[in-house]
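>>> here's a sequence, model it:
(one chain, ligands or ions: 1)
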Amino acid sequence: MSLAEKLAEERRARLAAERLLELKQAELSAANRKLGRHALALTKQIGQTQAEVATVRDENEKVKSDLNTANEKIETAERRLWHSIQAFQDGFAFFDSDGTLIGANTAYLNIFDGLEEVTPGISYMRILQLLTDEGLINTGDMSPQDWQTMMTERWQLPAPEPVDIQLWDERYLRLMDQRGHGGDVVSLALDITSTVRYEKELRDSRARAEAANRAKSAFLANMSHEIRTPMNGVVGMAELLSDTELDEEQRLYANTIKNSGEALLVIINDVLDYSKIEADKLELHPEPFDLERSLHEVVMLLQPSARDKGLALLVDYDLFLPTKFVGDPGRIRQVLTNLAGNAVKFTKEGHVTLRVTGISSPDDMQCAVHVTIEDTGIGIPEEKIEHIFGEFNQVEDERNRKFEGTGLGLAISKRLIEMMGGEIWVDSEEGKGSCFGFRLPLPMERVPEQPAPQLPSTLRHVLLVDDVPLNCEILQKHLLMLGIQVSTADSAAAALAAMRPEINLIISSHSLPALDGVQLAKDLKAGPWSGVPVLLLNSGPQAANDPEIRQLVNGVLQNPAPRDDLFRQLAKLGTSPAGTEAETETET
Ligand code: ADP
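Reported below is the predicted structural model:
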């Protein structure tokens, strides 16, 4: 090979080597660039991690410091709590769910009079045993064993009731235990010695006061009884004296003696009753009686004063309520007379209505009788209502002071009703009226079942004529219950205008505005309705015995009429044409 060829070959080899070198250098710098990028990313990552580590470290520091602060607070709170518990004059202890003492204040530990065994760790059962064994407690009538059993059973209850114990040194403690979450128990031992002593003193003085009061009442009862006898003599003699020949002046004196004597007797009777009740000397005498009759007797008694004042005195006795009960009729009448008498006394115009309803249970023959006496009188101011049943309590004010009375009637009525196992109340609105009521449990009298009233089959439609709407309402209610249709009219003229062929009976009040009931009967007789029977409702005795009236109408009913009388009159209608045998039902 020539030199030139050799040189050319060498040059080619050199050029190839140089190209390879360039290639490798390019690869190297690409690798370097990649390395540089990685190194940069790594540095960034390290920086981030370092920052996170620093944050976590800071947070740890903060948590640690917070924890320290919280611990300090807990310790302070615990110290304060314990100081407060120690400062209690009463015993305080707490037990875990197994009944082991966890802690107790000095007052609690003092109960055990220095017994060293009573420290945290002792069980509740052992404490009970120490109390009896060491004679620290007075178990009264119970044996120590029974007392421990009673206290153990109580302790195991989910919510033990407080219990009072007496210690050896006469102190009284009230133990109050409360179970908390997880079964822990907090125990309080309250010193109630002074309260117990105070209660005992109160009981003693109350017993002494009651004995003194009974003695006073017994004295009053005897005195009133003693005064009543000669007083009856004075009134009786004054009455006899009035019947003799006297001049005007002498008659006035005799009447004054009689009236004053009677007024005094009313007062003495009230005082006698009240003192008898107070001295526990009043006895009830239950016997079979008719409540509806008693009610009507009271109404009859009050009817003259009500009539004088122009008051309607009404009775609404539940149609389906029995009337025969066993009770003390005298005392029930006394209460009714007092309540209804007050109602008439304190009412100037309007009405006084006595209503009787009740719930009877035929199984045990008992009935809860409910009586109300409603008036449209002066009413009672709200602030006085509460005291109205107290003794000698009258609503003191000028408009009321003109009424006579002892202020004992309601107090006696309340006591009587309570003695009979009932209750009495009042609702009232000043200026509008009052409603006194009482509820009495009364045994029903066993009477043969009364057949349902047999009414004439022709009796289907009654025209009631009365100018007192409430009176119409009550009678209408009863007639509707008997299946009879009712129309009403408030005057004789309205009644004549309301007459229709389907009306088979007219029940009319005697006293009506303008034409009265008798005149209405006359007009009916003279006209086309002469065949329609008429019953007259009469609130006074005058019509009952008047032959002319009896001739004119088919019956005269006392108003308000007991249901039996009304039924009897209705039943008789089928057989008694007008003017032949008019019946009167006034014997109540
Ligand atoms: P009194 O003998 O005075 O009537 P009560 O004990 O029967 O004694 O009544 C006490 C007081 O209650 C009455 O004086 C009167 O002020 C008030 N009072 C009782 N009933 C009524 C009533 N129906 N309406 C208004 N006030 C009444």
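>>> list the buried ones in stretch 366-383?
367, 369-380 (16 or more other CB atoms under 10 Å). All C-beta spots, glycine's among them, are computed from the backbone N, C-alpha and C.
>>> helices - which of the residues you listed land there?
For those, not one is inside helices, with DSSP state H as the criterion.
>>> considering only these, which also neighbour the ligand?
When contact is defined as CB under 6 Å from any ligand atom, those meet the ligand at 375, 377-380.
>>> is it possible to get JSON lines of these that adds pLDDT?
Output for these, formatted as JSON lines (pLDDT from 0 to 100):
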{"residue": "375", "pLDDT": "96"}
{"residue": "377", "pLDDT": "94"}
{"residue": "378", "pLDDT": "93"}
{"residue": "379", "pLDDT": "94"}
{"residue": "380", "pLDDT": "92"}
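>>> nearest to residue 112, of those residues?
residue 380 (61.1 Å; CB to CB).
>>> and that closest one, its phi and psi?
Backbone torsions for residue 380, taken as degrees, to the nearest 10, come to phi -130, psi 130.
>>> how is residue 94 assigned, secondary-structure-wise?
At residue 94, secondary structure determined by DSSP: H, G, I helix; E, B strand; the rest coil is strand.
>>> using CSV, lay out the buried residues of stretch 366-383 together with distance to residue 232.
As requested, the buried residues of stretch 366-383 are arranged in CSV below (distance: CB to CB, whole Å):
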residue, distance to residue 232
367, 37
369, 34
370, 37
371, 31
372, 35
373, 30
374, 35
375, 32
376, 37
377, 32
378, 34
379, 37
380, 34
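>>> now the two most distant members of those residues.
367 and 378 (33.4 Å).
>>> check the stretch 151-300 of the chain for the residue nearest the ligand and tell me.
residue 270 (7.2 Å; CB to the nearest ligand atom).
>>> what's the closest non-adjacent residue to that residue?
Spatial nearest neighbour of residue 270, excluding adjacent residues (CB to CB, 6 or more residues apart in numbering): residue 408 at 4.2 Å.
>>> residues near the residue lying closest to residue 111 once chain neighbours are set aside, how many?
Distances taken as CB to CB, 6+ apart place residue 91 nearest to residue 111, at 5.9 Å, with adjacent residues excluded. Applying other CB atoms under 10 Å, we find 21 residues neighbouring residue 91.
>>> helices and strands around the helix or strand hosting residue 220, which ones?
Using DSSP states H and E, residue 220 sits within helix 193-243. Packing contacts for helix 193-243, counted by 3 or more CB pairs under 8 Å, 6 or more residues apart in numbering; DSSP states H and E, involve strand 172-179, helix 248-278.
>>> show the average pLDDT along that helix.
Average pLDDT, helix 193-243: 88.
>>> ok, stretch 390-407 next?
pLDDT averaged over stretch 390-407 gives 60.
>>> what's the answer for stretch 281-296, then?
91.
>>> buried residues, it. List them.
For stretch 281-296, using 16+ other CB under 10 Å, the buried residues are 282, 289-296.
>>> low-scoring stretches of the stretch 51-200 of the chain, by residue?
For the stretch 51-200 of the chain, no stretch has pLDDT under 70.
>>> at 90 what do you get?
78, 81-89, 110-116, 135, 139-141, 156, 158-159, 168-170, 179-183 (pLDDT under 90).
>>> how about the residues of it by the ligand?
Residues of the stretch 51-200 of the chain lying near the ligand (CB under 6 Å from any ligand atom): none found.
>>> quick one, strands of the stretch 51-200 of the chain?
91-95, 101-104, 137-138, 163-167, 172-179, 185-191 (DSSP state E, counting those that start in this stretch).
>>> paired strands for the longest one, with orientation please.
Sheet partners assigned to strand 172-179 using DSSP bridges are listed as strand 163-167 (antiparallel), strand 185-191 (antiparallel).
>>> how many other residues sit next to residue 365?
By other CB under 10 Å, the residues close to residue 365 number 15.
>>> oh, and call the first residue 31 from now on, that's how I've got it
With 31 as the first residue, the last one maps to residue 395.
>>> that one: what's it in contact with?
473-474, 476 (CB atoms under 8 Å, 6 or more residues apart in numbering).
>>> quick one, which of the residues you listed are buried?
residue 474.
>>> dump the contacts of residue 395 to CSV, plus secondary structure.
Output for the contacts of residue 395, formatted as CSV (three-state DSSP):
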residue, secondary structure
473, strand
474, strand
476, coil
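>>> what is the nearest of the contacts of residue 395 to the ligand?
Proximity of the contacts of residue 395 to the ligand was ranked by CB to the nearest ligand atom; the top entry is residue 473 with 28.2 Å.
>>> tell me, how many residues neighbour the nearest residue to that closest one once chain neighbours are set aside?
In space, and not counting its chain neighbours, residue 473 is closest to residue 356: 4.5 Å by CB to CB, 6+ apart. The number of residues packed near residue 356 is 15, by other CB under 10 Å.
>>> much appreciated, bye for now.
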